[in-house]
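Undergrad: have a look; sequence and predicted model below, questions after that.
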Amino acid sequence: MSLGNIFDIAGTGMSAQTVRLNTTASNLANAETAAGSEDEAYRARYPVFSAVQAKINAAQFAGDSFDGSEGKIGVHVKGIVESDKPLQARYEPEHPLADEEGYVFYPNVNVVEEMTNMISASRTFQANVDVMNATKTMMQRVLTLGQ
């Protein structure tokens, strides 16, 4: 693996953590939104990541060289899925959105879990920035070896 690939890997990692931060922010913003039915209620969303390392390993195992033309290496966001945890049904018969039984439905967002995800995503983003800076420093030092 060349040093140039490290920028691709760290860059895709930063991009993936940005998606994670955005979904976490969306979950936190909608944590207390009320709905009149389960179908209308907001459900927590989470990104699904996939490593693209498998293509490289398969090419090396077959004796081929991987030139990166099949796609970037690193982290790929496969999609965003909704949580299947049960919604919070609260008995609030005086609420304007209450159903005929008096229940209002709130999202299945756990604020503590979302704050933990936010901290983890921001630290992972920063770690990728540090990897890029260290790689840049190494490349600059390699260029000065011949002087």
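TA: That came in fine, so what should we check first?
Undergrad: count of residues packed around Asn128?
TA: Residues lying near Asn128 (other Cβ atoms under 10 Å) number 21. Placement of C-beta: from N, CA and C, glycine included.
Undergrad: who are the neighbours in contact with it?
TA: Residues near Asn128 by Cβ atoms under 8 Å, 6 or more residues apart in numbering: Ala10, Gly11, Gly13, Met14, Gln17.
Undergrad: for Ile6, see how far away it is.
TA: Separation of Asn128 from Ile6 (Cβ to Cβ, to the nearest Å): 10 Å.
Undergrad: please apply the same query to Val77.
TA: Applying Cβ to Cβ to Val77 and Ile6 gives a distance of 20 Å.
Undergrad: give me the more crowded residue out of these two.
TA: Here Val77 and Ile6 are compared on neighbour count by other Cβ under 10 Å; more neighbours surround Ile6, at 19 against 16.
Undergrad: per-residue confidence at the more buried one?
TA: Here, the pLDDT recorded for Ile6 equals 87.
Undergrad: domain assignment for the chain?
TA: Listed by automatic domain parsing, the domain ranges of the chain are 3-31+45-82+110-143, 32-43+84-108.
Undergrad: before we move on, the earlier item: in strands only, show me the contacts of Asn128.
TA: The strands, defined by DSSP state E, take in nothing from those.
Undergrad: as JSON lines, those residues with neighbour count, distance to Glu101 and pLDDT would be great.
TA: JSON lines is the format used below for those (neighbours: other Cβ atoms under 10 Å; distance: Cβ to Cβ, whole Å; pLDDT from 0 to 100):
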{"residue": "Ala10", "neighbour count": "22", "distance to Glu101": "52", "pLDDT": "92"}
{"residue": "Gly11", "neighbour count": "16", "distance to Glu101": "51", "pLDDT": "92"}
{"residue": "Gly13", "neighbour count": "20", "distance to Glu101": "47", "pLDDT": "93"}
{"residue": "Met14", "neighbour count": "19", "distance to Glu101": "47", "pLDDT": "95"}
{"residue": "Gln17", "neighbour count": "22", "distance to Glu101": "42", "pLDDT": "96"}
